[in-house]
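**Student:** predicted model follows, preceded by the sequence.
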Amino acid sequence: MRVVTGVVGNDIHVVANRLIEISLKERGFEVFNLGVNTYLEEFIDAVIETDADVLLISSLNGEAEGWSRDLLFLKSRFDLDGVLFAIGGNLSVGEATSEEIVPKYKAYGYDLVFHQVDLNTGIDTIEEVLKERA
Amino acid sequence: MNKLQIDIGSTYFKTNANGEINQHFRNFDVAIYDDLHNKCADLLANYSKEEVHICSSANGGLSTLIIGITSLFSLKYATNIAFNSGINIIDTILYSTIDKAVAPKEVIDVVIVVGGIDGVESKFDEKLINYLKNVNYQNIVYVGNKADTVFLKKQLKNLVVLPNIIGDKLQVQEEELKEYLTNLYQSDIEGKEEIKKLYEITSNQIYSTPYIVNNALPKLGTLFDVADPFLVIDVGGATTDIHYSTDLVENKNIMTSSGYDRLVFKKLGVFKSRESLVFGAKNNEFVYELLDYLGVNEHILDEHSEQATTTLMQLAIFLVLYQVSKSHNDYVTLKLEILNSIVLTGGISKVLTDEEIDKIMRFFYKKILNFTQTPNVITDRNYEIWTLGIEEIHHAN
């Protein structure tokens, strides 16, 4: 299984990004880590070039919100059926609950949204969904 | 050793006879060889064929059509490699829109097809073959994923297959395509009747000028007081080339081996491309303010005076910096705010004074970047970059 990952927008949280890469590799995923400061267009293009099964974006402190608004438009330009779109991290500016955040990001076009969820729990969920889809 | 170096440009000949540099405006009514002989017969008589070294950008460059599956990997990587190989004319097609793409009317020297890392499933199908049926091309090269190789080889006659330019970690792998395109450009130069005739005065290989300049960049510090990251702007008669440190690139997902990339503005020159330069200037939102700042009005753009040429050259510098700045969304965006040095070369260096250059730099940095400081500007008044490049090549051989 191939995963494209990275930190979206003007966000340089490299430690979390490295931890995600290591965790995914440990579980046997083939990882394409685009690193920090990555634009949404680059994530989509990387998914196309690699035939990735999963796009896992990470973000801190709500940086993803502004960037994610273009996701549906970008997805519409390519045939991305079958790709699992996931995002995780601290997805709100200031305080917000998962009940508030998850529907918002799902409306942006993500299949899975992990707001303030432990990394391993998030990857467990990704694996379960991939298993169901197989 | 006695040495004569000659650069055949689209507008000028330049000669360097043991350090003495001269330039001659080309007479477009006669062939290059005859023009050179008419103007430099005495000079040529002093040198044997072994002592003459020539480079040229007067073949017009290769026309290239790149078909790729994404903008930020396939098309961007191939475009970057093509520019660095000395190619000027590049058109790109995103494969997902190929159904709607119109085939170019002119003959294309080389078509480049690219997409996908090795290990992905097939990315190309009949749509590509149907589109290419309407394209008149001389060469075609495939540098994409392995899975499509068999299908494309079967369908496309004369297809050259080279290793994928997109590596397993999505990194660029430029060597093989760069070598292929450089060789193709070299054969094009040598194949042009006008250039072929120049072998009557030299026994050395004739190189392309962009290749020569690119070779000089790593040693630019031996000529001038430049600090990395720097930008070289070569405003010529037909095109403007820039060569830049890759540290300047915003949103960098390409790491090339040399550390310097090239970009060409094909319709930006002060002689052959004068009309398109004026057109570009008139369509720029800052141009009237700029002309006012320079103490002239828009009528200057229609004149053919010395002052008009000076103004056009200042505009060319402004437009180039503007097009690679964050204010303009183009193929590449450079972080001009961290730029330490700008080196100006080409015909511009013989016309503009330090004061005129300083004036345009100050306007650009203040108006577009809101900076009061400008980078250190160096003007290559004696075409030293070109002479260094040509010497580097011949030392290497």
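**Tutor:** Right, received. Where do you want to start?

**Student:** closest residue of chain A to chain B?
**Tutor:** Nearest residue of chain A to chain B: residue A:45, at 3.7 Å (C-beta to the nearest C-beta). (C-beta placed from N, C-alpha, C; glycine too.)

**Student:** what is the burial count for that residue?
**Tutor:** Neighbour count for residue A:45, taken as other C-beta atoms under 10 Å in any protein chain shown: 26.

**Student:** surely it meets residue B:70?
**Tutor:** Yes. Taking contacts as C-beta atoms under 8 Å, residue A:45 lies within contact range of residue B:70: 3.7 Å.

**Student:** which pLDDT value does the model give the residue in chain B that chain A sits nearest to?
**Tutor:** Residue nearest to chain A within chain B (C-beta to the nearest C-beta): residue B:70, separated by 3.7 Å. At residue B:70, the model reports a pLDDT of 96.

**Student:** distance check, it against residue B:101.
**Tutor:** In this view, residue B:70 and residue B:101 are 15 Å apart by C-beta to C-beta, to the nearest Å.

**Student:** between those two, which has more neighbouring residues?
**Tutor:** Neighbour count, other C-beta under 10 Å: between residue B:70 and residue B:101, residue B:70 has more, with 26 against 18.

**Student:** so who does the more buried one touch?
**Tutor:** For residue B:70, the contacting residues are A:44, A:45, A:48, A:49, B:94, B:115, by C-beta atoms under 8 Å, 6 or more residues apart in numbering or on different chains.

**Student:** need these in a markdown table with distance to residue A:29, secondary structure and pLDDT, can you?
**Tutor:** Listed next are these as a markdown table, based on distance: C-beta to C-beta, whole Å; DSSP: H, G, I helix; E, B strand; the rest coil; pLDDT from 0 to 100:
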| residue | distance to residue A:29 | secondary structure | pLDDT |
| --- | --- | --- | --- |
| A:44 | 19 | helix | 97 |
| A:45 | 19 | helix | 96 |
| A:48 | 18 | helix | 97 |
| A:49 | 17 | helix | 97 |
| B:94 | 28 | strand | 96 |
| B:115 | 23 | coil | 97 |
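
**Student:** now do the helices in chain A.
**Tutor:** Taking DSSP state H as the criterion, chain A contains helices spanning A:14-26, A:40-50, A:63-68, A:71-76, A:98-108, A:119-133.

**Student:** return the member of those helices having the minimum mean pLDDT.
**Tutor:** helix A:63-68 - the lowest mean pLDDT of the helices of chain A, at a mean of 89.

**Student:** can you point out the buried residues in it?
**Tutor:** A:63, A:64, A:65, A:67, A:68 (16 or more other C-beta atoms under 10 Å in any protein chain shown).

**Student:** just list the residues touching the first one, thanks.
**Tutor:** Residues in contact with residue A:63 (C-beta under 8 Å, 6+ apart) are A:8, A:9, A:10, A:11.

**Student:** by neighbours, which of the residues you listed wins?
**Tutor:** Going by other C-beta under 10 Å, residue A:8 tops the contacts of residue A:63 with 25 neighbours.

**Student:** and it, bridged to which residues?
**Tutor:** Residue A:8 forms beta bridges with residue A:38, as assigned by DSSP bridges.

**Student:** contact partners for it?
**Tutor:** The contact partners of residue A:8, taken as C-beta under 8 Å, 6+ apart, are A:38, A:39, A:40, A:43, A:57, A:58, A:59, A:63, A:64, A:67, A:68, A:87.

**Student:** touching, the fourth one and residue A:32? I think so.
**Tutor:** Going back to what we said before, that points to residue A:43. No. The criterion here is C-beta under 8 Å, and residue A:43 misses it with residue A:32 at 9.8 Å.

**Student:** in stretch A:51-61, which residues are buried?
**Tutor:** Buried residues in stretch A:51-61 (16+ other C-beta under 10 Å): A:51, A:52, A:53, A:54, A:55, A:56, A:57, A:58, A:59.

**Student:** residue contacts, the closest residue to the third one other than its chain neighbours?
**Tutor:** Translated: residue A:53. Among residues not flanking residue A:53 along the chain, residue A:1 sits closest, at 4.8 Å (C-beta to C-beta, 6 or more residues apart in numbering or on different chains). Neighbouring residues of residue A:1 by C-beta under 8 Å, 6+ apart: A:28, A:29, A:30, A:53, A:54, A:130.

**Student:** nearest to residue B:196 among these?
**Tutor:** Lowest distance from residue B:196 to these (C-beta to C-beta) belongs to residue A:30, with 51.1 Å.

**Student:** any idea how far the residue nearest to residue B:322 when sequence neighbours are not counted is from residue A:126?
**Tutor:** Distances taken as C-beta to C-beta, 6+ apart put residue B:328 closest to residue B:322, at 5.7 Å, once the chain neighbours are dropped. Distance, residue B:328 to residue A:126, using C-beta to C-beta: 39 Å.

**Student:** the more surrounded of these two?
**Tutor:** For residue B:328 versus residue A:126, neighbours defined as other C-beta under 10 Å are more numerous around residue A:126 (23 against 13).

**Student:** ok, the more buried one touching residue A:53?
**Tutor:** No. Applying C-beta under 8 Å, one finds residue A:126 not in contact with residue A:53, separated by 9.5 Å.

**Student:** need the overlap of contacts for those two.
**Tutor:** The contact sets of residue A:126 and residue A:53 overlap at residue A:84 (C-beta under 8 Å, 6+ apart).

**Student:** by mean pLDDT, point me to the weakest helix or strand of chain B.
**Tutor:** Within chain B, judged by mean pLDDT, DSSP states H and E, the helix or strand with the poorest mean is helix B:193-196; its value is a mean of 80.

**Student:** next, the buried residues of that one.
**Tutor:** Buried residues in helix B:193-196, counted by 16+ other C-beta under 10 Å: B:194, B:195.

**Student:** now do it: which elements does it pack against?
**Tutor:** helix B:32-45 (3 or more C-beta pairs under 8 Å, 6 or more residues apart in numbering or on different chains; DSSP states H and E).

**Student:** next secondary structure element downstream of the helix it packs on?
**Tutor:** Where DSSP states H and E defines the elements, the next helix or strand beyond helix B:32-45 is strand B:52-56.

**Student:** CA-only coordinates of that next one in PDB, if you can.
**Tutor:** C-alpha atoms of strand B:52-56 as PDB (Å, rounded to 0.1, in the frame of the first residue of the first chain):
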ATOM      1  CA  VAL B  52      39.200  29.300 -33.200                       C
ATOM      2  CA  HIS B  53      36.500  28.300 -30.700                       C
ATOM      3  CA  ILE B  54      32.800  29.000 -31.600                       C
ATOM      4  CA  CYS B  55      29.500  28.800 -29.700                       C
ATOM      5  CA  SER B  56      26.100  29.800 -31.100                       C
END
